[in-house]
Structures are given as structure tokens and as C-alpha cells.
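*Asks:* Structure here, sequence nowhere to be found:
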Ligand SMILES: *[C@@H]1O[C@H](CO)[C@@H](O)[C@H](O)[C@H]1NC(C)=O
Ligand SMILES: *[C@@H]1O[C@H](CO)[C@@H](O)[C@H](O)[C@H]1NC(C)=O
Ligand SMILES: [Zn+2]
């Protein structure tokens, strides 16, 4: 256990991939995750490992570390600067934003640590380590769920686990399977006809309900702690169950809206599991109660719903297990997907996660053969071509090749590319040794001026429903090719 007293800790951040250190025990035993293109290692300065490091590590490596003192029971958080085009958010603004969280609540006594904005002696955040653009902070656990609401839009906060993560590379066998799918990939007329059934008017209706643009929708926000997120979760469950799946609202942390996990029956019980996912929680501007999350990630969520609706209309029966999953807690640091993909290591301190539910896919040895996360699919700068991009860093390159080849077959209008935008829920699966990638709306950095903003609705310039439909077609075509399927007879 890491956060249990006042002690010094050496923070080491490197641009290297953790798998490159898999044979360097001292590092692999002290790995605390990858954030953007930075891997984090935490070492006790009086450990043998720390002493042996300068000799073992590449030149210059150790210079990227620094020593800090931790406050008792504080939670460590990694603040990652997301690549956003023309963005000027600075570290000074970050500090200012976090200072706002340290202002005591007007109705609370100064030492009341129970209220979210109370300010006691150990109730302040502190900066521990800078990596240039990014930062590591330590915060009292009760502030953790509120950090994302205060951050400038280009910063994203991740909870640093309290115990080291095991480095689990995607096995060669799993990559080989993806290569075989790619090798056997051929354009299929029936699949082309199925995916062309995805309907823009339907997607427009769905997304307007999720964002609250639909005046009949009670949703103001889908922030993980909001009532709207719970309404959205039940609504999504009901819609997807109507398409023949069995869904569960699975609670993963107290206070958070649940993951929505939906599963279609497989014709072959022994086959693997293919997962298509998005995150349905949202983030808005500081101080606003509106968090519509139209593009982020109402677009990915709507694509998943469009896939479900088409599965039902076209009477698809899969030959593998297929899961459509909508995660919560993404904006607080991939918390929903971390729980669903692994769950043996607690991603948070005891104070913060008062209760966790136990183990899913990895612990149970579920045979997940492919995971594709869609996060932000609809926006491109006005005047730009319709696009589809894949992550430059985190993910399985072979999965990106597979999906991009499927895209060339079924949505040739999409221009394909890569993005430095990286860390959505596929990261949780990739870290657990599952072949995974993310789909993103454009090559290059985030261009959406309404990213993490209360103006992120679907009815605006640059929000392209045609692109959203083209990408949803690619997702469904990938699913049909990889999972295999039969069409149920008419009178079924
Ligand atoms: C996992 O699923 C794939 C595809 O259905 C199958 O080829 C493979 O043998 C399965 N692996 C295990 C360990 O069951
Ligand atoms: C298709 O897959 C191959 C790998 O087999 C990859 O080199 C190529 O870039 C992919 N094509 C597209 C259009 O992405
Ligand atoms: Zn997102």
C-alpha cells in the first residue's frame, strides 16, 4: 500500500513504453501506469531498486525523476495535458483551477474534512512532480471526484493506482488472430447491405435525448455523479435490451453511475468475446450544471446504440459472444473500464473507494479477442474531409490496421489517419493484455472548440452526422466480420 503515511517517494516519468522494461524487474515491479505517452514509476528512495537504477537504466533516464514527500492518506493523481489544437491552457491556469477547489465551502467549518470543499490542515492539494506539460498532484480523497469539474478543458485527471500495475503485453497469439482476420478480410455484399441500414435520423434523435437538446429529455448532464447519468444508463439499457441483448447496470464505485454492459447470446458457447464500447459520462465547463457531452462521448454512445438497433432490424445472430458496453467514470480516469477489464488492483485509495465490487474479465479469464472503443466520432473542423483516426501510442497497431482496412471497404469516404489523442477506455483493456484500439474523429489533435465545454451539443457547425454514420458502419462491419453471424429467419 502506497498512500499510508508521510514519506518520500521518487517519481520517475519516461516516454518509454512499459513493455520495454518488462525484463527490468526493478522498474516493472514499480510501474504505476501510462498516461499519454508517459510511463510512471514510483520508487522508495531507500529501496535497493532505487540504488541500482542509475546503473541499470539508459542514460538520462534518472534525470526525468524527482523526489517528493507525500501527505498521509492522500490520493495521487496524474494530470495529463490532452493535445487540443491552438490550446493555451497553462500550468498557471491549472494551479488557479485547483486553488478554487481548496476554497472552503461557505457553510462548512474550516477543519471539516467531510464536506467536499472543506479545508482542513491536510485538505489541500499539492503539486509533486512536473513532466513539462503534465503534472502529478496529491489530493485529499474527498476532492478526487470533483477535480475534473475544475480543470481547464485541455487537462484530464487520472487516479494513480495505490499499488503497482502488472505489465501484461497482448499475447502473440491474440495478435496473430487479428492478423488472420485481416488476411481473410474481403468485401461482403451482405455486410455492406446490413451496415447501410444505420440511420442518421435515428442517431440524431438518440443523441438529442442524451444531450438534453430534446426538450422531452430530463438529462442536463451525464457527469458520472449526476442524476442525468443514471437516467441515461437506464435509458440505454432499455433501448439495447429491446434489440435482444441482456444488459446489466453494473455499479463499480460508490457514488458513480454504473457501467452499462450488454451481451448478445452466441451461437457458439465456446467462442471468444468481441467488445464494442464508448463512454456515456460527460464533462462540461467549470461552474455549469449543463454537461451535454454531444461529441464527447455522446457520438460514440450513439454509434453503439445505432449498432444495436441495426442488429435487431437485420435479425443478426452472432457466432461469438458480443458485448456492447457503455462505460461511466471515463472522465475521472478510466475508472469504469479499469474495473470491468481487470479489477484485481484497486485503482484508488481506501478512503476514496469505500467499496469496490470484484473482478471481471481478466480475473475470470474471459477470452476477449477484440475491443474497440469509440470516443469522439462526429466533429471535424469545418471544411475538412470526413475522417477516422487511430491512436499513435496506446493500443494494438494490428487492430487499427484491421479496422482501417474495414473502413476502406465499407466507408471509403473516410480519410484515415493517426492522432496523439490517446487515453480512452481501450487503454484499460490494452493494459490487461487484450487486443484493443480507439476510433477518433480526426487525424491530429482535438479541434473541437466545445471539447469539455457546456456547448458540446449535436446541433452545431462541424458536428457531422455523415461522418458519425460512416464510422458506425465501420464498427458494425468489423463486428460482423470478426464475430461471424447468421441471419435469423423472418418468422423467428
Ligand atoms: C478465444 O476465442 C478465439 C476466437 O473465438 C478462439 O480461436 C480461441 O481458441 C479462444 N481461446 C481460448 C483460450 O479459448
Ligand atoms: C491494411 O492493413 C495493412 C497490414 O496488413 C496495413 O499495412 C495497411 O496500412 C492497412 N490499410 C489501410 C487502408 O489502413
Ligand atoms: Zn471522451
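*Replies:* Sure thing, it's come through. Note that the structure is a prediction, hence the values are computed from the model and not measured. Ligands and ions are numbered 1, 2, ... in the order given.
*Asks:* from here on, contacts and neighbour counts on C-alpha atoms
*Replies:* OK.
*Asks:* Next one, pLDDT for the closest residue to ligand 3 within the stretch 101-250 of the chain please.
*Replies:* At 10.2 Å from ligand 3, residue 156 is the closest residue in the stretch 101-250 of the chain, using C-alpha to the ion. We have a pLDDT of 91 for residue 156.
*Asks:* again with residue 164
*Replies:* Reported pLDDT for residue 164: 82.
*Asks:* Contacts only, for it.
*Replies:* 29, 30, 31, 32 (C-alpha atoms under 8 Å, 6 or more residues apart in numbering).
*Asks:* Filter the residues you listed down to the ones in strands?
*Replies:* With strands taken from DSSP state E, the overlap with those comprises 31, 32.
*Asks:* what's in contact with stretch 452-465?
*Replies:* By C-alpha under 8 Å, 6+ apart, stretch 452-465 touches 153-154, 200, 204, 207-208, 211, 213, 282-285, 288, 290-296, 378-382, 450.
*Asks:* Keep only those of those residues that are also close to ligand 1.
*Replies:* Among these, no residue sits close to ligand 1 (C-alpha under 6 Å from any ligand atom).
*Asks:* Just the buried subset of these, please.
*Replies:* By neighbour count, with 16 or more other C-alpha atoms under 10 Å, the contacts of stretch 452-465 hold 153-154, 204, 207-208, 211, 213, 282-285, 290-296, 378-381, 450 as buried.
*Asks:* How about the residues of this structure by ligand 2?
*Replies:* 401, 402, 404, 405, 408.
*Asks:* In which helix or strand does whichever residue of the stretch 51-200 of the chain sits closest to ligand 2 reside?
*Replies:* Of all residues in the stretch 51-200 of the chain, residue 182 sits closest to ligand 2, at 6.4 Å by C-alpha to the nearest ligand atom. Taking DSSP states H and E as the definition, residue 182 sits inside helix 172-183.
*Asks:* buried residues in that helix?
*Replies:* In helix 172-183, counting by 16+ other C-alpha under 10 Å, buried: 174, 175, 177, 178, 179, 182.
*Asks:* could you dump those to a markdown table with distance to residue 272 and pLDDT?
*Replies:* Listed next are the buried residues of helix 172-183 as a markdown table, based on distance: C-alpha to C-alpha, whole Å; pLDDT from 0 to 100:
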| residue | distance to residue 272 | pLDDT |
| --- | --- | --- |
| 174 | 11 | 96 |
| 175 | 14 | 97 |
| 177 | 11 | 98 |
| 178 | 13 | 98 |
| 179 | 16 | 98 |
| 182 | 17 | 98 |
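*Asks:* and the protein, which residues reach ligand 1?
*Replies:* So the chain meets ligand 1 at 271, 272, 367, 369 (C-alpha under 6 Å from any ligand atom).
*Asks:* ok, so what distance separates the third one from residue 68?
*Replies:* As for residue 367, its distance to residue 68 is 41 Å (criterion: C-alpha to C-alpha, to the nearest Å).
*Asks:* Lowest pLDDT pick from the residues of the chain next to ligand 1?
*Replies:* Among the residues of the chain next to ligand 1, pLDDT bottoms out at residue 367, giving 92.
*Asks:* Next, give phi and psi for the residue lying closest to that residue once chain neighbours are set aside.
*Replies:* Leaving aside its sequence neighbours, residue 367 sits nearest to residue 272 (C-alpha to C-alpha, 6 or more residues apart in numbering; 5.1 Å). Residue 272 has phi and psi values of phi -80, psi -180 when expressed as degrees, to the nearest 10.
*Asks:* list the contacts for residue 272?
*Replies:* 320, 321, 366, 367, 368, 369.
*Asks:* One more pass at 10 Å, please.
*Replies:* The contact partners of residue 272, taken as C-alpha atoms under 10 Å, 6 or more residues apart in numbering, are 266, 319, 320, 321, 322, 366, 367, 368, 369, 370, 483.
*Asks:* what's the pLDDT at the second one?
*Replies:* You'll see residue 319 listed with a pLDDT of 98.
*Asks:* got it, and the one 5 residues further on?
*Replies:* Listed pLDDT for residue 324 reads 97.
*Asks:* Residue 492 too?
*Replies:* pLDDT, read off for residue 492, is 56.
*Asks:* how about low-confidence regions in this protein?
*Replies:* 1-9, 14-20, 22, 54-64, 102-122, 343-360, 492 (pLDDT under 70).
*Asks:* domains for it, by residue range?
*Replies:* Domain assignment for the chain, taken from automatic domain parsing, gives 2-159, 172-487.
*Asks:* So for residue 165, which of those domains sits nearest?
*Replies:* Closest to residue 165 of the domains of the chain is domain 2-159 (C-alpha to C-alpha; 5.6 Å).
*Asks:* Could you report the neighbour count for the nearest residue to residue 145 once chain neighbours are set aside?
*Replies:* Spatially, and ignoring its direct neighbours in sequence, residue 145 is nearest to residue 332 (6.9 Å; C-alpha to C-alpha, 6+ apart). If you count neighbours by other C-alpha atoms under 10 Å, residue 332 ends up with 24.
*Asks:* Now for residue 186: which residues touch it?
*Replies:* 405, 406, 409, 481.
*Asks:* any chance of those in JSON lines, plus secondary structure and neighbour count?
*Replies:* Below are the contacts of residue 186 laid out as JSON lines (DSSP: H, G, I helix; E, B strand; the rest coil; neighbours: other C-alpha atoms under 10 Å):
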{"residue": "405", "secondary structure": "helix", "neighbour count": "20"}
{"residue": "406", "secondary structure": "helix", "neighbour count": "23"}
{"residue": "409", "secondary structure": "helix", "neighbour count": "17"}
{"residue": "481", "secondary structure": "helix", "neighbour count": "18"}
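*Asks:* ok, those vs ligand 3, which is closest?
*Replies:* When those are compared against ligand 3 (criterion: C-alpha to the ion), the nearest one is residue 406, at 23.3 Å.
*Asks:* which element follows the helix or strand where residue 207 lies toward the C-terminus?
*Replies:* If you go by DSSP H and E, residue 207 is part of helix 200-211. Sequence-wise, the next helix or strand downstream of helix 200-211 (DSSP H and E) is helix 227-241.
*Asks:* what packs against that following helix?
*Replies:* When contacts are defined as 3 or more C-alpha pairs under 10 Å, 6 or more residues apart in numbering; DSSP states H and E, helix 227-241 packs onto helix 200-211, strand 246-250, strand 259-264, helix 298-313, strand 321-327.
*Asks:* got the buried residues for that helix?
*Replies:* Quick answer for helix 227-241 (16+ other C-alpha under 10 Å): 227-234, 236-237, 239-241.
*Asks:* now stretch 463-479
*Replies:* Those buried within stretch 463-479 under the rule 16+ other C-alpha under 10 Å are 463-465, 467-479.
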